[in-house]
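J.: Here's a sequence, model it:
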Amino acid sequence: MKERLININLTNEVQPKSIEVNGADWIGYGDGEYKNNYPQYIIDLYNNSATNSAIINATASMIAGEDFIVEDSDNLEQYVALKKFLAAVNGTESAHELFVKLSFDLKLQGAYAINVIWSKDKTKIAELHHVPVEQVRIGVPNEDGKVPCYYLSTDWTQYRKKEYAPKHIAPFNMMDRSEGSQLLYSGLYSPAMELYHTPDYVASTNWIQIDNLTSDFHLNNITNGFSGSYFINFASGIPTREERVQIERQIAKKFTGSNNAGKFVLTFSDDANSKPEIIPIQVSDADKQYTVLNELCVQNIMIGHRVTSPMLLGVKTEGQLGGRNELLQAYELYMNSVVKPFQNQLLKTFKKLLAVNGVTIPLSIKDVKPLNSMFDADTLKEVLTQDEIREELGYAPLEVEEETVAEEQNLAEYTELDKFLTEFGEDEDLDNWELVDEDDAEGEHPDFDFEYNLEKLELANTGRAIPRAKSEQDGTDREGNLYRVRYYYNEDKGLKREKEGNSREFCKKMLAANKVYRKEDILRMGKMPVNKGWGAGGADTYSIWLYKGGGNCHHRWYRRIYVTKMGERPLNTDKVVSVAKARSAGFKPEPQKKSERSVAIAPKRRADKGFIRK
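T.: Numbering: from 1, shown residues only. Just a heads-up that it's a prediction; the model follows:
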C-alpha cells in the first residue's frame, strides 16, 4: 500500500496527580511527566493561564496587606523588640517583605517554608529566610511518624547532578535547637495528603490547563494559519516520498504563518483535470464552541478559587459589575471567607516564632483598600461620583479646588500665618546644641512631651540630677536641660508630585520660613486661623500637627533631637533616644489626658487624604 498521508499527530493530555510516592531518602511529590515535581506543574499553570495568574496575584496581595499593625502595649521592652523584628528579619528583608513572599507561596502552592536561624547561644531566633516551596521535599518519616529532616534542591529534575544535589536540613523544633539552621514547613490542610499540602484550587487545575491549551491552540492557529485548515490534492499522479516532502516544505514556507495571511495561491496545469484541488476543512460553529469554552473556563477557575466577584481580582466579565454596595459586599465576603483564613495561618506562624523570642504583643495585618487599589477606572466611574473618584485618586474635589484658588488670591495681605511665623519658631542653634537624631514624627502622640521623657529616661539610666526648666518660647537659654526637641516642616520624601510648585500658600510660607518649632507652638497654631477653610465643615481652625496643610498635602513634621554642648554628653544618648521613640506612639503623658490617638503623617498618605469630615 502506498503511503498517502504525510503527518497526522493527535496527542492525549493527562493531568499529573498530587500524590506522595515513597522514594529513597525522601517522599516524592507528583507523578507522570511531573514525577516528584508537582509544585512545578502548579507554577506552569500559573505562568500559562492569564485568569489563574490574575486571581493568584490579587489574592496574594490581599493576604499580605499593606503592613503589620502592632497593638498598644505597656511592655516597652517587648515593643522595642517587636519593632526591631519587623524592621529586619534578616540582612536584606523586613518582616513584611518576607510575609509578602510567604503569602504568594501559600496561595499558589498551598504551603510555605521558612528557614529559621538560631542565635549562637541558641536562646533566640536570629534570622528568618524565605525558602521557595518547590525546592522542598520531605524526608521519609520515622517509626513514630515524625519527619526527621527535609531536603532542598533548586532543580529536582536534575537532582542527580552535583550542583543540584539535595541538601539536608533539620525540621524546626523549639525544644531541640542543636541544629543552628532549621526549616519550618506548613500550609493548608489537604485531604488524602499525609505530608504535603495542595492549593485550595486544586479541583480546578483541569480547567486552568484547558485555558492554557486553548491559548496555545489560537496561537498555533495564527502562526500556522494555512496548515490544518485545508486539504491540498494534486491530481497529477503520486510523486516519490522525497518529492512529497519537498512539496510540503515549499507550501509551508510560502503560505503558512501570520505574516502570509491574505496571500493568493498561483498554480499552472496542462488541463482542468490536472489542477490542484484545495479543500478547506470546515469546523461547524467553531466560533461559538470557543466562546462557550472560554466562558466555562473562566467560570470554573473562579469557582475553584472561591471568587465572589471577578471584578475584585481584576477579571472583567460581561454583566458582572454591580453598584458600589454590591462590590463592597463582595470584597467583604471574599476577605472573610478566603483571605482572612490565609492571613490567620501565616500570623499564627509569626506569633509562634515571636513567642520564642519572648514577644507576645498582638500583631495583625493592615488590609488593602478595595477601591483605589483593586478596581479599574471603568469600575470606579460607574459606582462613584466625580468628586469621590478624585478623592480616591488623591485629588481634591473640584469645588474645594475653586474655593482654594479664590482664597489664595486674598493671601497677599498680612495673615494670621504671617503673624505666627513672625512671633514663633526659631533658627536652628548648632553653635550650642549638637544634633544627635533626626526622624519623621510619624506615630508620635500629639500630647507626648518628648523633652520631658528624654530627661526622665536619662535620669533613670544615669542617676544624674537634671533640673526640669520651663520651656520658653525663644528656646535660647536652657542651661539646666540636657536635651532639646524641635520639629520642622518639610516635604514627604516618599511622595511624588505630578506638577512641581503646586503647593498651597500655607505650605510655601512654612517652607520659606525655614524655622524649627516646639510642639506646644505647633499645637497653638491649630487654634489660630492660619489656613482658613480646611477644618471640619470648612472651619478656619484645625490640628496643624495632624493635618498640616489640609487635604492631599504632601508635607509632614520631622523631629530633631539635640544635646547641649555645655556639658558632658552621656554615653547612652542613642539608647535613651530610641526608647523615647518607642514610647511616643502609645504613651500616655503625665498627667493623663483624654486625646484622640492619631498618626502625624502627610495627609496625602492618610486614609481620608487629610479631608476632615467631622
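
J.: give the contact list for the residue nearest to residue 189 when sequence neighbours are not counted.
T.: Nearest residue to residue 189, sequence neighbours excluded (C-beta to C-beta, 6 or more residues apart in numbering): residue 197, at 7.7 Å. From N, CA and C alone the C-beta is placed, and that goes for glycine too. Taking C-beta atoms under 8 Å, 6 or more residues apart in numbering, we find residue 197 in contact with 109, 110, 111, 186, 187, 188, 189, 190.

J.: Check the secondary structure at residue 197 for me.
T.: coil (DSSP: H, G, I helix; E, B strand; the rest coil).

J.: ok, so what distance separates it from residue 190?
T.: Per C-beta to C-beta, to the nearest Å, residue 197 is found 5 Å from residue 190.

J.: any residues in contact with both of the two?
T.: residue 110.

J.: A strand includes residue 151, no?
T.: Yes: assessed with three-state DSSP, residue 151 lies in a strand.

J.: In terms of pLDDT, where does it sit?
T.: The model reports residue 151 with a pLDDT of 94.

J.: Please report the distance of it from residue 483.
T.: Applying C-beta to C-beta to residue 151 and residue 483 gives a distance of 56 Å.

J.: Repeat that for residue 344.
T.: In terms of C-beta to C-beta, residue 344 sits 43 Å off from residue 483.

J.: Show me which of these two is the more surrounded one.
T.: Ranked by neighbour count (other C-beta atoms under 10 Å), residue 344 and residue 483 place residue 483 first, with 26 against 12.

J.: ok, and the closest non-adjacent residue to the more buried one?
T.: Closest residue in space to residue 483, ignoring its immediate chain neighbours: residue 454 at 4.3 Å, by C-beta to C-beta, 6+ apart.

J.: Return the residues in contact with the one you found.
T.: Residues counted as contacts of residue 454 (C-beta under 8 Å, 6+ apart) are 482, 483, 485, 561, 576, 577, 580.

J.: got it, and residue 161?
T.: With C-beta under 8 Å, 6+ apart, residue 161 has no contacts at all.

J.: May I ask you to confirm that residue 61 belongs to a strand?
T.: No: counting by three-state DSSP, residue 61 falls outside a strand, being helix.

J.: The residue lying closest to it once chain neighbours are set aside and residue 64: what is the separation?
T.: Nearest residue to residue 61 in three dimensions, chain neighbours excluded: residue 368, at 6.6 Å (C-beta to C-beta, 6+ apart). Noted for residue 368: a distance of 8 Å to residue 64, by C-beta to C-beta.

J.: These two: who's more crowded?
T.: residue 64 (25 against 19).

J.: How confident was the prediction at the more buried one?
T.: For residue 64, the predicted pLDDT is 94.

J.: ok so, going back, mind checking the backbone torsions on the residue nearest to residue 61?
T.: The phi/psi pair for residue 368 (degrees, to the nearest 10) reads phi -70, psi 150.

J.: start at 456 instead
T.: Will do, 456 is the new start, and the previous item becomes residue 823.

J.: ok, now which ones touch it?
T.: Residue 823 touches 516, 517, 520, 521, 829, counting by C-beta under 8 Å, 6+ apart.

J.: Can you report how many residues lie near the first one?
T.: Burial of residue 516, expressed as a neighbour count using other C-beta under 10 Å, amounts to 19.

J.: What of the fourth one?
T.: Around residue 521 sit 13 other residues, with neighbours defined as other C-beta under 10 Å.

J.: Quick check: closest non-adjacent residue to it.
T.: Counting by C-beta to C-beta, 6+ apart, residue 821 is the residue found nearest to residue 521 once chain neighbours are left out, at 4.5 Å.

J.: For that neighbour, which residues count as its bridge partners?
T.: On the basis of DSSP bridges, residue 821 is bridged to residue 522.

J.: Could I get the pLDDT score of it?
T.: pLDDT at residue 821 comes out at 89.

J.: and if you look at the one 10 residues further on?
T.: On pLDDT, residue 831 comes in at 56.

J.: With residue 712 instead?
T.: Per-residue pLDDT puts residue 712 at 55.

J.: What of the one 4 residues further on?
T.: For residue 716, the model assigns a pLDDT of 50.

J.: How about residue 693?
T.: Residue 693 is assigned 68 on the pLDDT scale.

J.: show me the contacts for residue 1017.
T.: 888, 889, 890, 891, 938, 939, 940, 941.
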